Each structure stands twice: as structure tokens, then as C-alpha cells.
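**Q** Sequence first, then the predicted structure:
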Amino acid sequence: MKKIMNKKGFTLAELLVVVAIIAILVAVSIPIFTSQMEKSREATDIANLRAAKGEAVTMYLSDDSFTGGNYDADSGKLISGAPTKTYGKGTAVVGNSTNTQFSYSPSTAYTGKYIHVAVDSKGECKFEWK
């Protein structure tokens, strides 16, 4: 009697080629994913700066003797003391989210910091990460 061989399935060489292709795709996508994550962190910091400016302008227009405070991102308010938790997200990795209005530098690490807003007598806001 003759044995019939089953010729279905993939060879070892074909499987190795598929694994190699997947490894190359992963190696290419990791740097792209990392830079996109940093861009989102920097965009979060810039959004917090905009919110702090909006709150400072509102406070100054309500009370022209207002001189500034520390921005608490949880409540969206300026407070006199330090916020209970920090919310800076940007790291020293450059994600290229620049903003000249706030002098935000993408190469500076803001992790673990919060925004201090100072308002001068003309109503101009100055921002400092502490």
C-alpha cells in the first residue's frame, strides 16, 4: 500500500520570512510611535498653558489687583499655594510642538512641574514652570 503525504501548510522558510517581515515593521514603527507620544505630551502642556492664561485673564479682569498664582489643572483655577499634584508631561525628547506665545521649548523636561502665572500691572501674563 502506498502512503499519501499531506502537502498542506507552510514551510519553515516561509514562516521565517513572515516573522522577519513583522520584526522589520515593528522596528520601523517604534520610533514613529514614540515621537507621536511626545507630541501629545507637549500638546497637553501647551493646552494647560492656554487654560492658565485664560484663567489669569479672567481673574485680572474681575480684580485688577490680581498678581498671579499657581495653576491647578484638576480644578482649572489659579491658587495661591502649590497644586496637590503636578501635571507637566513633556520630556527632554523633542516632539516638535513649539509655541512662541508661551515660549514653550520642546527640548525641556516639564515632567513633575506645574505652571506659575505672574500678572504685571499692565495685565500681561508671564509663565514659569516650577
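**A** Nice, I can see it. Residues are numbered from 1 along each chain as shown.
**Q** And the helices in the protein, which stretches?
**A** 12-62 (DSSP state H).
**Q** Quick check: chain neighbours aside, which residue is closest to the most centrally placed residue in the chain?
**A** The structure's the chain has its C-alpha centroid closest to Arg41; by Cα atoms, centre = their mean the separation is 0.4 Å. What sits nearest to Arg41 in space, not counting adjacent residues and going by Cβ to Cβ, 6 or more residues apart in numbering, is Lys89, at 3.8 Å. Quick note: C-beta positions are derived from backbone N, CA and C, even for glycine.
**Q** For that neighbour, grab the count of nearby residues.
**A** Counted with other Cβ atoms under 10 Å, the burial measure for Lys89 works out to 20 neighbours.
**Q** Any stretches of the chain with poor pLDDT?
**A** Applying pLDDT under 70 to the chain flags residues 1-2, 95-100.
**Q** rewinding a little: what's the distance between the residue nearest to the centre of the chain and Arg50?
**A** Between Arg41 and Arg50 the distance, using Cβ to Cβ, to the nearest Å, works out to 15 Å.
**Q** Now do the end-to-end distance for stretch 112-128.
**A** Its start and end residues considered, stretch 112-128 measures 13 Å (Cα to Cα, to the nearest Å).
**Q** Buried residues, that stretch. List them.
**A** By neighbour count on 16 or more other Cβ atoms under 10 Å, the buried set for stretch 112-128 is Lys113, Tyr114, Ile115, His116, Val117, Val119, Cys125, Phe127.
**Q** how distant is that stretch from the center of its chain?
**A** Distance of stretch 112-128 from the chain centroid (Cα atoms, centre = their mean, to the nearest Å) equals 21 Å.
**Q** quick one on the thing from earlier: the residue nearest to the centre of the chain is in contact with Tyr87, isn't it?
**A** No: using Cβ atoms under 8 Å, Arg41 and Tyr87 do not qualify as a contacting pair, with a distance of 10.8 Å.
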